[in-house]
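Asker: this is a predicted model, with the sequence first.
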Amino acid sequence: MRIIEVKDYQQMSNRAAEFIIEKVVQNPSIKLGLATGGTPIGTYKSLIEDHKMNGTSYQKVTTFNLDEYMGLSGDNKNSYRYFMNNQLFNYIDMNKAKSNIPSGIAADFQEECDRYEDLIAKHGGVDLQILGIGSNGHIGFNEPGTSFDSKTHIVKLAPSTIQANARFFNRIEEVPTKAITMGIATIMKSKEILLLVSGEKKKEALFRLLNGEINESFPASVLKNHPCVTIIADKAAIADIKVHYSEKVPM
Ligand code: PGA
């Protein structure tokens, strides 16, 4: 794993956007795996700024989001479809027909999981997957204990995840308890992974990822088995973890 240490959230966002833009310019038909949550919002802002200033085009890009809450339609402001439209897609020249997110209101959720997994495969897989990490080590909504062999599947959210995500809802009772998520095997099939980690709240998770064992009780640890992972982490998240930095952005 290559680790890029940056000063703060803003610098992480700028560096992540630079990383993504470079790949999009190299391959305008890239298949991007996207994430939601607080972590990538700044990255998406930087992508929008760059699109406006430099005209980087996303017309040919196909995207696959990691997950969606079960029970929320795309026009519900807490759905991840709504999030993606409003944090990114509405402000770049993205062809929304090429943006894929599992449906939160499918008639048959198991069928929806299979459809999504097949769709990714039919497109030849994800070229670059953007990931955040939960403080319990989850990636996507793959909570501790999820099999490393899992494909896109239905999950029951961990109480700590419901608690962490309640900040986006009016009341914690409104947070859905289930979701559809790409599985760990789905994520691991991506050709390249960019993991973003910011803030003191993620310090322990990053420490465990870098120093702990590879184990299903800490889903993100599987990333150590992937041949091409870059982590961009800020000072608050890295704290005093001793790592061999391959790049340190000047502060
Ligand atoms: P966050 O969530 O970006 O809102 O911290 C990350 C995650 O849970 O994967």
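Answerer: The structure has been received and is ready for your questions.
Asker: could you point out the longest helix in the protein?
Answerer: Counting by DSSP state H, the longest helix found in the chain is helix 9-26.
Asker: could I get that helix in PDB with only the CA atoms?
Answerer: Provided in PDB are the C-alpha atoms of helix 9-26 (Å, rounded to 0.1, in the frame of the first residue of the first chain):
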ATOM      1  CA  TYR A   9      -9.200  17.500   5.100                       C
ATOM      2  CA  GLN A  10      -8.900  20.200   2.400                       C
ATOM      3  CA  GLN A  11      -5.500  18.900   1.300                       C
ATOM      4  CA  MET A  12      -6.800  15.300   1.300                       C
ATOM      5  CA  SER A  13      -9.700  16.400  -0.900                       C
ATOM      6  CA  ASN A  14      -7.400  18.300  -3.400                       C
ATOM      7  CA  ARG A  15      -4.900  15.500  -3.600                       C
ATOM      8  CA  ALA A  16      -7.700  12.900  -4.100                       C
ATOM      9  CA  ALA A  17      -9.300  14.900  -6.800                       C
ATOM     10  CA  GLU A  18      -5.900  15.300  -8.600                       C
ATOM     11  CA  PHE A  19      -5.400  11.600  -8.400                       C
ATOM     12  CA  ILE A  20      -8.900  10.900  -9.900                       C
ATOM     13  CA  ILE A  21      -8.500  13.600 -12.600                       C
ATOM     14  CA  GLU A  22      -5.200  12.200 -13.800                       C
ATOM     15  CA  LYS A  23      -6.900   8.800 -14.300                       C
ATOM     16  CA  VAL A  24      -9.900  10.300 -16.100                       C
ATOM     17  CA  VAL A  25      -7.700  12.200 -18.400                       C
ATOM     18  CA  GLN A  26      -5.600   9.100 -19.200                       C
END
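Asker: show me which parts of that helix are buried, residue by residue.
Answerer: Residues of helix 9-26 classed as buried by neighbour count (16 or more other Cβ atoms under 10 Å): 9, 11-17, 19-21, 23-24. In this view, the C-beta of every residue, glycine as well, is placed from N, C-alpha and C.
Asker: per-residue confidence averaged over that helix?
Answerer: Averaged across helix 9-26, pLDDT comes to 98.
Asker: what lines up beside the following helix or strand past it in the sheet?
Answerer: Per DSSP states H and E, the first helix or strand lying C-terminal to helix 9-26 is strand 31-34. Sheet pairing here is set by DSSP bridges, and for strand 31-34 it gives strand 62-65 (parallel), strand 128-131 (parallel).
Asker: contacts for strand 31-34?
Answerer: Strand 31-34 has contacts (Cβ atoms under 8 Å, 6 or more residues apart in numbering) with 20, 24, 40, 61-66, 84, 88, 120, 123-131, 182, 187, 190.
Asker: the ligand versus residue 239, what's the distance?
Answerer: As for residue 239, its distance to the ligand is 17 Å (criterion: Cβ to the nearest ligand atom, to the nearest Å).
Asker: for the residue lying closest to that residue once chain neighbours are set aside, list the residues it contacts.
Answerer: Once flanking residues are discounted, residue 239 sits nearest to residue 203: 5.0 Å by Cβ to Cβ, 6 or more residues apart in numbering. By Cβ under 8 Å, 6+ apart, the contact list for residue 203 reads 236, 237, 238, 239, 241.
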